[in-house]
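no FASTA, just this:
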């Protein structure tokens, strides 16, 4: 099975138009490009084995590419250079020709070194040595390739942060392995400090950007105090490159507001306004905040209608009169299932209290939900709403599980409530029940 992709030269008569020619079983498959300078995807639809890209606006950069339905890789594109790529979809190997042939043959065909999953839980000193060895191995692979000097400089940077990508996540790996928080040694932070440099020119490297965000999380997680927003702002205030600081602030605050909403994030939103000057980024946050405005505490909740295990329809309005703790979940979701034992304990502890426990399944496969509800004897009010319920969109649920608390009148207490496994959940219930 062969997939051929041809990119014409921007200096040819068809400058700015890049042709992707495909044949074989996936001749009509899409080619998707993710541009590193804006993290946006371009989908090229093939017609009769050919797709075209208007590339007049892009600058030289790394591009994540997805060929058809099964192959993903990294390429480097330059609008002033030509390239033709033929990919064998069975072996995953690529043949390249044109001015960018050497670069992309290296990128697409090299099996770069990486840390294996069984090495994530190594003792700290051993883990650091593995990271060093991965970096050395990748640098050796680069040295074997015939690469232009200007690209080689870019690739050295990419390989460094690709090789050390897992280092700032080491404390999290150990937490999941040992089920307790560990404090990394001074040696660990010396290495992290060595890698965590702030240079806006490096923001064109996707691996550097990803590493920065992981490093920030590692640093703030190991700072004293419980106020995560304050720790983030205190650490970020030390970033001495305005563009890098803007990137970190935008990424962190957009993520926080996307998942948690406005309530409790007011300080972060103000911090964003002080440090982010890019008009497009500001517009996106304002749009997001506008959507979350309808989900602030005290607002009337969006409604739902779900079907119980006996086929009876149940509405949110029919449950008013008690506090409502909503669990949006699905049978295929591992983290959702992980919360079920904790949810059962809460349901038992508060079974005679003024709280409805409502589980909304967004399963596409209703039979799978029915089977699990019956087999596992799930308690509370079990309802199926499916994946397309308007309730999910109105609450901007883009990841599950998601928990929501409503008051006796159906007004929002928390649009993004703590999970059953969080001790704060029971404390919150106790506070509400006193009212």
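Sure, I can see it. None of these values were measured; they are calculated from a predicted model.

ok, residue 103 - contacts?
Neighbour list for residue 103: 76, 147, 148, 151 [criterion: C-beta atoms under 8 Å, 6 or more residues apart in numbering]. (Glycine included, C-beta is placed from N, CA and C.)

any quick ChimeraX command for the buried ones out of those?
To isolate the buried ones among these in ChimeraX, judged by 16 or more other C-beta atoms under 10 Å, type:
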select :76,147,151
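
please enumerate the helices of the protein.
101-109, 124-144, 149-163, 170-178, 186-195, 206-221, 228-236, 242-260, 266-275, 279-293, 334-349, 366-375, 390-394, 423-433 (DSSP state H).

buried residues in the first one, which are they?
By that I understand helix 101-109. Going by 16+ other C-beta under 10 Å, helix 101-109 has these buried residues: 101, 103, 104, 105, 106, 107, 108.

what sits closest to the last one if chain neighbours are left out?
Nearest non-adjacent residue to residue 108, counting by C-beta to C-beta, 6 or more residues apart in numbering: residue 94, 4.0 Å away.

of the helices of the chain, which is nearest residue 384?
helix 366-375 (5.3 Å; C-beta to C-beta).

ok, residue 254 touching residue 287?
No - contact criterion C-beta atoms under 8 Å: residue 254 and residue 287 do not qualify, at 10.7 Å.

neighbour count for those two, which is higher?
Per other C-beta atoms under 10 Å, whichever of residue 254 and residue 287 has more neighbours is residue 254, with 17 against 9.

quick one: pLDDT of residue 41?
Here, the pLDDT recorded for residue 41 equals 87.

what about it, neighbour count?
The burial count for residue 41: 11, using other C-beta under 10 Å.

that older thread, counting neighbours, what do you get for the residue nearest to residue 108?
By other C-beta under 10 Å, 21 other residues sit near residue 94.

got a list of what the closest residue to residue 228 other than its chain neighbours touches?
Closest residue to residue 228 apart from its sequence neighbours, by C-beta to C-beta, 6+ apart: residue 220 at 6.9 Å. Contacts for residue 220 (C-beta under 8 Å, 6+ apart) come out as 228, 231, 232, 235.

number of residues surrounding the second one?
When you say that, I think you mean residue 231. For residue 231, using other C-beta under 10 Å, the count is 18.

renumber starting at 816 from here on
Sure, I'll start counting at 816 from here, so that last one is residue 1046.

how near is it to residue 1052?
As judged by C-beta to C-beta, to the nearest Å, residue 1046 and residue 1052 stand 11 Å apart.

check residue 887 too.
Distance, residue 887 to residue 1052, by C-beta to C-beta: 37 Å.

how about low-confidence regions in the chain?
In the predicted model of the chain, residues 816-843, 861, 863-866, 868-872, 885, 904, 993-995 satisfy pLDDT under 70.

what about 80?
By pLDDT under 80, the low-scoring segments of the chain are 816-845, 859-872, 882-886, 897-907, 990-997.

just to revisit the earlier point, quick one: which of the contacts of residue 918 sit in strands?
residue 891 (DSSP state E).

for the contacts of residue 918, which one is nearest residue 1146?
Closest to residue 1146, out of all of these and judged by C-beta to C-beta, is residue 891, at 42.2 Å.

so that closest one sits against residue 876, correct?
Yes - using C-beta under 8 Å, residue 891 is in contact with residue 876, at 7.3 Å.

quick one, phi/psi of residue 854?
The phi/psi pair for residue 854 (degrees, to the nearest 10) reads phi 60, psi 40.

also residue 1113?
Main-chain dihedrals, residue 1113, degrees, to the nearest 10: phi 100, psi -20.

gap between the nearest residue to it once chain neighbours are set aside and residue 1137?
In space, and not counting its chain neighbours, residue 1113 is closest to residue 1226: 5.8 Å by C-beta to C-beta, 6+ apart. Remark: distance between residue 1226 and residue 1137 (C-beta to C-beta) = 13 Å.

kindly report the same for residue 1250.
Separation of residue 1250 from residue 1137 (C-beta to C-beta) stands at 13 Å.
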